[in-house]
Structure formats: C-alpha cells, structure tokens
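how would this look folded up:
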Amino acid sequence: MHLGLVAIVVSEYDPAIRFFTDVLGFELVEDSPSLTNDGRAKRWVVVRPPGAVTGLLLARADGDGQAAVVGRQAAGRVAVFLDIAGNKWDLIGPGS
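Down below sits the predicted model:
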C-alpha cells in the first residue's frame with residue numbers, strides 16, 4: 001500500500017512548479033487543464049521526487065479560507081527548510 005498523492009495548497013501554480021522542480025529537483029508528472037466543481041478553470045498539477053511513488057498535488061488556493069492556510073498547512077511543525085510559500089518541510093528517505 002502507498003499514498004498516490006498528497007495535496008498542498010499553493011498561491012499560484014507556476015512559481016510552485018518552479019520551486020519543486022528547479023530547487024528541489026522534483027519531476028513535473030502532470031500539468032493538465034481541469035475544472036472546479038462549479039465549472040471554473042483550474043489545473044491538475046503533480047510533482048514528485050525522481051523514482052518516488054507518492055507525489056504532491058499542487059492545488060491553487062480557491063477562496064480566502066484556502067489562501068489563509070498557504071504556508072501554514074503543517075501548523076508550523078518541522079524545521080528543515082521552507083518552501084516558496086513558507087511551509088516547513090522535512091524530507092525523510094527510506095531507512096531514515
């Protein structure tokens with residue numbers, strides 16, 4: 001069993017894609033046009049570390065409530081590095 005995707009709310013797609021691919025070396029697995037439940041345009045954007053099974057779904061904030069959590073999705077936990085939005089990350093590999 002494994003997780004396929006973990007969603008992370010971002011302010012904008014393109015800066016988030018650049019951060020995860022250019023800075024962290026993740027692969028851009030998918031970037032497809034999509035629609036919200038009420039018919040507005042959005043994108044389905046997935047990145048993941050090379051060779052990994054689990055990816056990150058980069059979901060653009062939709063509304064004030066979601067925008068308010070960008071950079072605070074882990075409630076300030078973990079202190080290894082900050083992503084473009086200010087989320088704290090700790091990347092742990094196999095055997096860690």
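
Buried residues, stretch 50-70. List them.
Buried residues in stretch 50-70, counted by 16 or more other Cβ atoms under 10 Å: G55, L56, L57, L58, A59, R60, A61, V70. The C-beta positions use only the backbone N, C-alpha and C, and glycine is treated the same way.

From those, pick the one nearest I17.
Within the buried residues of stretch 50-70, the smallest distance to I17 is 6.7 Å, found for L58 (Cβ to Cβ).

Test my guess that that closest one contacts I17.
Yes - counting by Cβ atoms under 8 Å, L58 does reach I17; the two are 6.7 Å apart.

which residues do the two both contact?
Counting by Cβ atoms under 8 Å, 6 or more residues apart in numbering, the residues touching both L58 and I17 are V45, V47.

Break down this structure into its strands, ranges please.
For the chain, the strands defined by DSSP state E cover 5-10, 27-35, 41-48, 55-60, 81-82, 88-89.

quick one on the thing from earlier: want to throw the buried residues of stretch 50-70 into a markdown table with pLDDT and distance to D83?
Converted to a markdown table, the buried residues of stretch 50-70 look like this (pLDDT from 0 to 100; distance: Cβ to Cβ, whole Å):
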| residue | pLDDT | distance to D83 |
| --- | --- | --- |
| G55 | 94 | 15 |
| L56 | 94 | 10 |
| L57 | 95 | 14 |
| L58 | 96 | 11 |
| A59 | 95 | 14 |
| R60 | 94 | 15 |
| A61 | 92 | 14 |
| V70 | 88 | 10 |
